[in-house]
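# could you look at this predicted model? Sequence included:
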Amino acid sequence: MDQQLKSNLTSSTHWLRLVYMLLFAVLLQVALAVMWVLVIVQFLFALVTGSDNGNLRKFGDSLAQYINATIRFLTYNSEVKAFPFAEWPDPVESEGEESEDVYAESERSESVDDSSGQPVEYAVDDERDDASSSAPVKKTNEKSE
């Protein structure tokens, strides 16, 4: 066992990884500071204009991917080094690419079925007020008065 420990301590790959980890720890702190600036600017933009900024949202997604990749490397969950040793991540195309109010009432809402843990989609029909207006019908334990 002493031979294995001595081999590990003198191995240049462990010490080189430590150098990379220190570098990425500093870059992670910078990325987190940029993330907070992004959060504040996006909030102010939404407050003034009523909707978020698509370019900031895309950059936020790229930044989140970078932070994730950096943390994965620091925690030994990945051997892949993030930017600047790899390309900057592209933002993931999301369904809500157009600026839309996420709090606006939609025609469909999603919740989780307690029995299976699977998402169940409910259709909302505001014009009908009978019990058959939603499909499927989710039964609750609430008593009706």
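Yes, it's here.
# can we go C-alpha only for contacts and neighbour counts from here?
Will do.
# for this structure, what spans make up the strands?
108-112, 119-123 (DSSP state E).
# and the last one, what's its mean pLDDT?
This predicted structure assigns strand 119-123 an average pLDDT of 49.
# output the below-cut-off pLDDT ranges for this protein.
Applying pLDDT under 70 to the chain flags the ranges 94-145.
# switch the cut-off to 90
1-12, 93-145 (pLDDT under 90).
# buried residues in the lengthiest helix in the chain?
Identified as the longest helix of the chain according to DSSP state H is helix 12-49. By neighbour count with 16 or more other C-alpha atoms under 10 Å, helix 12-49 contains the buried residues 21, 24-25, 27-28, 31, 35, 38, 42-43.
# between all of these, which two are at the greatest distance?
Within the buried residues of helix 12-49, Met21 and Phe43 form the most distant pair, 32.2 Å apart (C-alpha to C-alpha).
# helices or strands up against the longest helix of the chain?
Other elements packing on helix 12-49 under the criterion 3 or more C-alpha pairs under 8 Å, 6 or more residues apart in numbering; DSSP states H and E are helix 54-74.
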